[in-house]
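Trainee: okay, here's the prediction I keep looking at, along with the sequence it came from:
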Amino acid sequence: MEFLGKTESEGGPLAFRWEERFPKRRELLFGGRVVPCYRDRPGSIYAMAKAAMERARDAEAVVDGERRLSYGDLDVLVERVASGLSARGIAKGDRVALLLVNRLEFVVAFLAISRVGAISVPIGTRESGSNIAFILGNCRASAVIFEADLIGRVPAPGEAPDLKLRVCVGGPAAGAEEFDAVAASEQRSAPAVVSEEDGAVILYTSGTTGQPKGAVLSHVNIIHSSMHFQECWNYESGERSVLAVPASHVTGLVAIITSMIQVAGCTIMMRSFDVAAYLELASRERMTTTVLVPAMYNLILLRGDFSGLDLSSWRIGGFGGAPMPESSIEAMAERLPDLHLLNAYGSTECATIISVVPVGHTRQCLDSVGAAVPCGDLRIMDDDGRELPTGQAGEVWVRGPMTIRGYWEREDATRASLVDGYWRSGDIGSVDADGMLRLFDRKIDVINRGGYKIYSIEVENVLSRHPGVVEVAAVSHPDAVLGEKLHVFVVRKDAGMDEDAIRDYCRAHLADYKVPDFVTFLTEGLPRNPNGKVLKRSLRDCIGL
């Protein structure tokens, strides 16, 4: 990978070029999208797993506490569970919900569902009972595999008439079969024949406005994203990654689980993030790569004790969802000089990864989220659907083999979000002459202060460099005269820091109209969804905005 200087490619600037590790060609996908694709790729998620099972049978595939599965063990167990599901009526195209924590059974069930040609519907274990009921009803799930202690949040039989199978994990639950019984099937069935354009996973978006909608990730979407991680982060066979973000979200599922399967690597399960336990696990299991949110790295720096630990194998530390303060990058580099901290920009609709900072370019890309992935086509568009020149800010549109066909039975949402195969991200950004993407804000979160536009991420980036700030978020505050003013929420290291210190720092680094009008100090961390993104609606709600 290298920077080449400005050239023209298909009408847009392209200075950065990924090293071509794998051959590509243009292909027609989804009946109307001609995009670059990896020429040699698995035809389905199960085919990807089966290839790893055949070439690395003795290598570790999953570690969950004391339980360890080799790829050979995984092959046998996945076949048994798939046969058990088939014997219980689960067939190609059926939706099977997964309401599971980060555990070995999640990977086994996910691959077994793929083997029978059904569609996995992962659901976060922190979801409310009403949201779980909505998701199960919306996708008309035929089965749910769930944590036994979450039985109270699984709809009763009369409330979910499409559910014909309930399987519990981690103990017995009324009205459900235990997972081990499904895995004890004596029958054997052949893998289903699927198209790579068939749906493999439905992931429901957070639904900040209205009910959540289900993004349908096809096999080809997930396979390309897994191969993007492999190519962009120079993955080799046998990588090892600790899964500390939820397996039920696109980051955990694709950035870690399927990316590890693609390279016959190992996923090391962690139920919930704890700094001391995480570092000890990473050391003991010789972790080579992972993906965390910046808040987790900050906690590692604040609370982590590196003494007595061998983290020399940790080579790649991916992050996304928020900027990483330069001070945090420097502090991590001091403690782990061989670690590459790499920002990535992704979404559920693009099967996670859209752009990424190349290995070795962290310091050149401190204010960017990197270059578009090798098979990705990234454009900056204005409100009238016209492409903007280099350096100008507009909405980020993304197309490629990793971009979804659409949303589950939501043609209206599909038409609104996808144009000519491009997913309209709703994010405001620009691409510079080196081909690096910079993000400024969500389109809906741009603050208009008396006609002056303020990108909240610019204010957040500046304040995150203040030595007394742990984390910060900026939102709009309604104003009768100016329309909107700027309100920042700050988690501080020292209770002695006051509002004047925040404003003075901003005055020294920002235009005067970008100095916060309101400052609220939080005693706990910023509210975030399970993927690590700050819930700005919750911040507004807490002060009645």
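Mentor: In hand now; what should we look at? Numbers count the residues shown, from 1 in each chain.
Trainee: going by C-alpha atoms from here, please, whenever you check contacts or count neighbours.
Mentor: OK.
Trainee: quick one, what contacts residue 160?
Mentor: 133, 136, 137 (Cα atoms under 8 Å, 6 or more residues apart in numbering).
Trainee: most neighbours, which of those?
Mentor: For the contacts of residue 160, the largest neighbour count, defined by other Cα atoms under 10 Å, is 25 neighbours, found at residue 136.
Trainee: so that residue sits in a strand?
Mentor: No - secondary structure of residue 136 (DSSP: H, G, I helix; E, B strand; the rest coil): helix, not part of a strand.
Trainee: check contacts around it.
Mentor: 97, 160.
Trainee: could you single out the nearest of the contacts of residue 160 to residue 360?
Mentor: Comparing the contacts of residue 160 against residue 360 with Cα to Cα places residue 136 closest, at 43.7 Å.
Trainee: got the contacts of residue 160 as CSV, with pLDDT and distance to residue 116 columns?
Mentor: Listed next are the contacts of residue 160 as CSV, based on pLDDT from 0 to 100; distance: Cα to Cα, whole Å:
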residue, pLDDT, distance to residue 116
133, 94, 24
136, 97, 19
137, 96, 22
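Trainee: and of those residues, the nearest to residue 227?
Mentor: residue 136 (30.4 Å).
Trainee: what about the closest one, distance to residue 463?
Mentor: Using Cα to Cα, to the nearest Å, we find residue 136 at a distance of 42 Å from residue 463.
Trainee: over to residue 316?
Mentor: 26 Å.
Trainee: what does residue 538 give?
Mentor: Taking Cα to Cα as the measure, residue 538 falls 20 Å from residue 463.
Trainee: one more: residue 28?
Mentor: 45 Å.
Trainee: give me the more crowded residue out of those two.
Mentor: For the pair residue 28 and residue 463, the greater number of neighbours falls to residue 463 (25 against 12), based on other Cα under 10 Å.
Trainee: okay, the residue in the chain sticking out farthest from the centre: pLDDT?
Mentor: Distance from the C-alpha centroid of the chain peaks at residue 481, with 39.4 Å (Cα atoms, centre = their mean). For residue 481, the pLDDT comes out at 73.
Trainee: can you tell me, leaving aside adjacent residues, what's nearest to it?
Mentor: Counting by Cα to Cα, 6 or more residues apart in numbering, the nearest residue to residue 481 once its immediate chain neighbours are dropped is residue 450, at 7.8 Å.
Trainee: what about that neighbour, how many residues nearby?
Mentor: Residue neighbour count, defined by other Cα under 10 Å, stands at 13 for residue 450.
Trainee: wait, it touches residue 484, no?
Mentor: Yes - if you go by Cα atoms under 8 Å, residue 450 and residue 484 touch, sitting 7.1 Å apart.
Trainee: show me which helix or strand of this structure is least confident by mean pLDDT.
Mentor: strand 8-9 (a mean of 37; mean pLDDT, DSSP states H and E).
Trainee: what does residue 28 show for phi and psi?
Mentor: phi -90, psi 120 (degrees, to the nearest 10).
Trainee: and it, how far from residue 217?
Mentor: According to Cα to Cα, residue 28 stands 17 Å off from residue 217.
Trainee: same thing with residue 258?
Mentor: To residue 217, residue 258 is 13 Å away according to Cα to Cα.
Trainee: and for residue 349?
Mentor: Distance, residue 349 to residue 217, using Cα to Cα: 8 Å.
Trainee: touching both of the two, which residues are there?
Mentor: residue 404.
Trainee: which regions of the stretch 151-300 of the chain lie under the pLDDT threshold?
Mentor: 206-210 (pLDDT under 70).
Trainee: I meant the stretch 401-545 of the chain, not that one.
Mentor: Across the stretch 401-545 of the chain, the ranges flagged by pLDDT under 70 are 451, 530-532, 545.
Trainee: how about the lengthiest helix in the chain: buried residues?
Mentor: Looking across the chain with DSSP state H, the single longest helix is helix 71-87. By 16 or more other Cα atoms under 10 Å, the buried positions in helix 71-87 come out as 71-75, 77-87.
Trainee: could you pull out the strands for the stretch 101-250 of the chain?
Mentor: 119-122, 143-147, 165-169, 177-178, 199-204, 214-218, 240-243 (DSSP state E, counting those that start in this stretch).
Trainee: what comes up buried for stretch 467-487?
Mentor: Buried positions in stretch 467-487, judged by neighbour count with 16+ other Cα under 10 Å: 468-478, 484-487.
Trainee: what does stretch 355-375 give?
Mentor: 355-359, 362, 365-375.
Trainee: neighbours of the nearest residue to residue 128 once chain neighbours are set aside, how many?
Mentor: Sequence neighbours aside, residue 153 is the residue nearest to residue 128 in space, at 7.0 Å (criterion: Cα to Cα, 6+ apart). By other Cα under 10 Å, the residues close to residue 153 number 17.
Trainee: from what I can see residue 153 touches residue 132, true?
Mentor: Yes - Residue 153 is in contact with residue 132 according to Cα under 8 Å; the separation is 7.2 Å.
Trainee: mind checking the SS state of the residue nearest the centre of the chain?
Mentor: What sits nearest the mean C-alpha location of the chain, by Cα atoms, centre = their mean, is residue 251, with 2.7 Å. Here residue 251 is recorded as helix under three-state DSSP.
Trainee: gap between it and residue 258?
Mentor: On the measure of Cα to Cα, residue 251 and residue 258 end up 10 Å apart.
Trainee: coming back round to it: would you confirm that the residue nearest to the centre of the chain contacts residue 349?
Mentor: No - using Cα under 8 Å, residue 251 is not in contact with residue 349, being 11.8 Å away.
Trainee: hang on, the earlier thing: now flag whichever of the buried residues of stretch 467-487 is closest to residue 276.
Mentor: residue 470 (19.1 Å).
Trainee: would the closest one count as being in a helix?
Mentor: No - with three-state DSSP as the criterion, residue 470 is located in strand rather than a helix.
Trainee: show me the contacts for it.
Mentor: 298, 464, 490, 491, 492, 493.
Trainee: can I get the buried part of those residues as one ChimeraX selection?
Mentor: The buried residues among these can be selected in ChimeraX (16+ other Cα under 10 Å) with this line:
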select :298,464,490,491,492
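Trainee: which of the contacts of residue 470 fall in strands?
Mentor: With strands taken from DSSP state E, the overlap with the contacts of residue 470 comprises 490, 491, 492.
Trainee: comparing residue 258 and residue 217, which shows the higher neighbour count?
Mentor: Remark: of residue 258 and residue 217, residue 217 carries more neighbours, 29 against 25, as counted by other Cα under 10 Å.
Trainee: beta partners of that one?
Mentor: residue 201 (DSSP bridges).
Trainee: residue 53 is in contact with residue 71, correct?
Mentor: Yes - contact criterion Cα under 8 Å: residue 71 and residue 53 qualify, at 4.8 Å.
Trainee: between the two, what contacts are shared?
Mentor: Here residue 71 and residue 53 have residue 264 as joint contacts, going by Cα under 8 Å, 6+ apart.
Trainee: and the gap between residue 190 and residue 66?
Mentor: Going from residue 190 to residue 66 by Cα to Cα gives 31 Å.
Trainee: who has more neighbours out of those two?
Mentor: With other Cα under 10 Å as the criterion, residue 190 and residue 66 differ in neighbour count, and residue 190 comes out ahead with 10 against 5.
Trainee: please enumerate the helices of the stretch 301-450 of the chain.
Mentor: 326-335, 411-417 (DSSP state H, counting those that start in this stretch).
Trainee: so can I have JSON lines of those showing distance to residue 341?
Mentor: Formatted as JSON lines, the helices of the stretch 301-450 of the chain follow (distance: least, Cα to Cα, whole Å):
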{"stretch": "helix 326-335", "distance to residue 341": "7"}
{"stretch": "helix 411-417", "distance to residue 341": "31"}
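Trainee: which of these sits most buried?
Mentor: helix 326-335 (a mean of 15; mean count of other Cα atoms under 10 Å).
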